[in-house]
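Novice: any chance you can model this:
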Amino acid sequence: MAADGFNGDSRVVADAQLRVVSSGAAAPGVTGQAADEAVTAAYQTHYDALVRTATMLVGDVATAEDVVQESFIAMHRAWWRLRDTSRAVPYLRRSVINKSRSVLRRRAVAGRHLQARTPDLPSAEESALAGVQRSSVLEALSALPSRQREVVILRYYADLSEAEIAEALGISKGAVKSHTARAKGSLRTLLGY
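Specialist: Residues are numbered from 1 along each chain as shown. A predicted model of the protein is given here:
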């Protein structure tokens, strides 16, 4: 986190970190450079661990990083209210947990209110190709002898069993099988498969 007025000098960070950890108490109303330094030191020390914690809570790294960033920003804004600066890290942890819970609640609410997804409609090209394929299949079917055409239609469009087809057409089950096999061969030839 880059704070205004902080030049990144490692001695300043170390001094601020020591003050945060060892001071035990800071006067309420402390803001500005002291807050920038202390929050920067806490950020450099605890950011990775807080992101790992948030990742486990929310399930993805990007959201976890956002949660942790928001927690540091909130701590920086509220630094003047922090009576005991040694409590900064527990404050951050609690903030990360609370913000993670908020993310999960928003996801749950959004999940409940999602519209039923409309099925993906085929593109105009796909529809045209499907129409061409349908018309070629219909042409190929019409080129078959009538008994073969009837058997194929009853078997694959009406979804009848061989016994039901045999009964409907008044032929044996063996005849149904042979008409089906011949029809399939003819259709493969006609359709180029």
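Novice: and the residue nearest to residue 52 when sequence neighbours are not counted, which helix or strand is it part of?
Specialist: On the basis of Cβ to Cβ, 6 or more residues apart in numbering, the spatially nearest residue to residue 52 that is not a chain neighbour turns out to be residue 64, at 7.9 Å. Backbone N, C-alpha and C define where each C-beta goes, glycine included. Under the criterion of DSSP states H and E, residue 64 resides in helix 61-77.
Novice: how far does that helix sit from the chain's center?
Specialist: Here helix 61-77 is found 22 Å from its chain centre; the criterion is Cα atoms, centre = their mean, to the nearest Å.
Novice: show me where pLDDT drops low in the protein?
Specialist: Per-residue confidence of the chain (counting by pLDDT under 70) places the weak regions at 1-31, 115-119.
Novice: ramachandran angles for residue 83?
Specialist: Reported as degrees, to the nearest 10, the phi and psi values for residue 83 are phi -80, psi -40.
Novice: and the gap between it and residue 64?
Specialist: Here residue 83 is placed at a distance of 29 Å from residue 64 (Cβ to Cβ, to the nearest Å).
Novice: quick check: phi and psi at the spatially most central residue of the chain.
Specialist: To find the centre residue of the chain, average its C-alpha atoms and take the closest one (Cα atoms, centre = their mean): that gives residue 60, at 10.1 Å. Taking degrees, to the nearest 10, you get phi -150, psi 150 for the backbone angles of residue 60.
Novice: before we move on, the earlier item: who's more crowded, residue 83 and residue 64?
Specialist: Using other Cβ atoms under 10 Å as the criterion, residue 83 and residue 64 rank with residue 64 on top: 23 against 9.
Novice: what's the distance between that one and residue 89?
Specialist: According to Cβ to Cβ, residue 64 stands 17 Å off from residue 89.
Novice: circling back: and the residue nearest to residue 52, how far from residue 133?
Specialist: From residue 64 over to residue 133 the distance is 49 Å, taken as Cβ to Cβ.
Novice: what's the burial count for residue 37?
Specialist: Here the number of neighbours of residue 37 (other Cβ under 10 Å) works out to 22.
Novice: and the residue nearest to residue 47 when sequence neighbours are not counted, how many neighbours does it have?
Specialist: Counting by Cβ to Cβ, 6+ apart, residue 47 lies nearest to residue 68, which is 6.4 Å off, once chain neighbours are set aside. Burial measure for residue 68: 27 neighbouring residues, criterion other Cβ under 10 Å.
Novice: what residues are up against residue 68?
Specialist: Shown in contact with residue 68 (Cβ atoms under 8 Å, 6 or more residues apart in numbering): 47, 50-51, 54, 96.
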